[in-house]
Every structure is written in C-alpha cells, then in structure tokens.
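> here is a sequence together with a model predicted from it:
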Amino acid sequence: MSIELTVNGRAVSVSVAADTPLLDVLRNHLDLKGSRYGCGLEQCGSCMVVIDGKADYSCVREISAVAGKRIETVESLASHPLHQAFLDEQAGQCGYCLSGILMSAKALLDRNNSPTRADMVTALDSNLCRCGAHPRIIRAIERAAAALREGARANDLREGARS
C-alpha cells in the first residue's frame with residue numbers, strides 16, 4: 001500500500017503495509033533515527049512526534065492512520081529555539097527520552113509561547129525520564145519560550161514598520 005504524508009515539511013510516499021507503525025516508517029524507511037523505540041506501548045514517550053500540531057506516540061500508530069497528515073520529528077528542530085535552549089541548559093543526560101520530550105515541548109510552544117510551569121509539566125506528563133534532568137528541561141523550555149516571544153515581537157516590529 002502506498003501512503004502519502006508530509007514529514008518535516010517534505011511530501012513523502014511510502015509503500016508499506018497499512019498496519020506498519022509510524023515509528024518503523026520514520027526510522028527504517030525514511031532514515032529519521034531521532035525518534036526512539038522505548039516501550040512500544042504508548043507509555044514512555046520516547047517515540048513522540050508531532051502529528052498535525054499535536055504531540056502523539058508513533059510506536060503503535062499505524063501508518064494508515066496518519067495518511068495525508070503533517071508529521072514533525074526531532075530532526076525538524078535543528079534551527080528551532082528549543083534545540084539551542086536544551087544545549088544551553090544541558091537539559092539532556094542520557095538522551096534516550098530527549099527526542100520525545102523535545103517534540104512534546106514543541107507542540108506546547110506552538111500553541112502557547114508563554115506556558116506556565118504547570119503547562120510545561122502537563123505537556124511532559126506523557127514522557128518518562130529517569131535521569132533527573134527535569135529541572136533543566138523546564139528551564140530549557142522557559143528559555144525557548146522567551147526566545148520565541150522575542151522573535152514574535154521582532155516580527156511584529158518589522159511588520160509595523162512596513163505598514
């Protein structure tokens with residue numbers, strides 16, 4: 001079966017069985033290795049991606065369920081403020097869960113660039129991290145949110161100057 005979707009802004013078509021997990025397609029057919037296989041039961045968040053703007057598990061999501069949808073993986077964050085903020089705050093320790101945490105944080109910041117600490121904790125509730133890096137992760141999300149707000153203000157000023 002041929003499935004068409006958009007991955008990291010690029011239209012792709014894959015020929016796989018309809019029940020193939022999205023994570024398998026990302027890692028083994030599209031060579032996007034950032035999303036991790038953790039528990040395979042939608043309980044750890046290592047496989048988290050953003051599907052049409054919402055953080056979602058990819059380990060058991062059948063590829064047929066995401067046909068025509070927009071998928072974002074951690075590879076899409078190379079120039080996103082989250083990437084630099086996590087580096088600056090040294091928010092990763094072992095790194096296994098980090099791609100899922102980053103994608104959950106991205107989905108949050110896409111809908112709210114001024115999240116409260118409670119918003120951040122809630123957004124990360126589906127992601128398990130045993131390293132104890134949560135304080136640094138929260139600081140990194142706060143830093144990225146501030147950068148996004150600053151970027152939005154700069155854009156508003158440029159637009160105002162053009163008017």
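That came through, no problem.
> any idea how far residue 55 is from residue 77?
From residue 77 over to residue 55 the distance is 13 Å, taken as Cβ to Cβ, to the nearest Å. Glycine gets a C-beta too; all of them are placed from N, C-alpha and C.
> distance of residue 11 relative to residue 96?
30 Å.
> of the two, give the one with the bigger neighbour count.
Neighbour comparison, residue 11 and residue 96: the larger count goes to residue 96, with 16 against 8 (by other Cβ atoms under 10 Å).
> quick one: the helices in this structure, in order.
Assigned by DSSP state H, the helices in the chain fall at 22-24, 81-88, 98-111, 117-123, 134-162.
> with residue 162 as the reference, measure out to the residue sitting nearest the centre point of the chain.
Using Cα atoms, centre = their mean, the residue of the chain that lies closest to the mean C-alpha position is residue 103, 1.7 Å off. Separation of residue 103 from residue 162 (Cβ to Cβ) stands at 34 Å.
> of all the residues in the worst-scoring helix or strand of the chain on mean pLDDT, which ones are buried?
Ranking every helix and strand in the chain by mean pLDDT, DSSP states H and E puts helix 134-162 at the bottom, with a mean of 91. For helix 134-162, the neighbour count (16 or more other Cβ atoms under 10 Å) marks 136, 137, 138, 139, 140, 141, 142, 143, 144, 145, 147, 148 as buried.
> the closest residue to the first one other than its chain neighbours: what's it in contact with?
Yep, that's residue 136 we're talking about. Spatial nearest neighbour of residue 136, excluding adjacent residues (Cβ to Cβ, 6 or more residues apart in numbering): residue 91 at 4.3 Å. Counting by Cβ atoms under 8 Å, 6 or more residues apart in numbering, residue 91 touches 85, 98, 133, 136, 137, 139, 140.
> swap in residue 55?
48, 49, 103, 104, 106, 107, 108, 123, 126.
> repeat for residue 154
Neighbouring residues of residue 154 by Cβ under 8 Å, 6+ apart: there are none.
> grab the two from the contacts of residue 91 that are most spread out in space.
When the contacts of residue 91 are compared pair by pair using Cβ to Cβ, the farthest-apart members prove to be 98 and 139, with a separation of 14.5 Å.
> what about the nearest residue to residue 2 once chain neighbours are set aside, how many residues close to it?
The spatial neighbour of residue 2 that comes closest, neighbours along the chain excluded (Cβ to Cβ, 6+ apart), is residue 15 at 4.9 Å. The tally of other residues near residue 15 (other Cβ under 10 Å) stands at 9.
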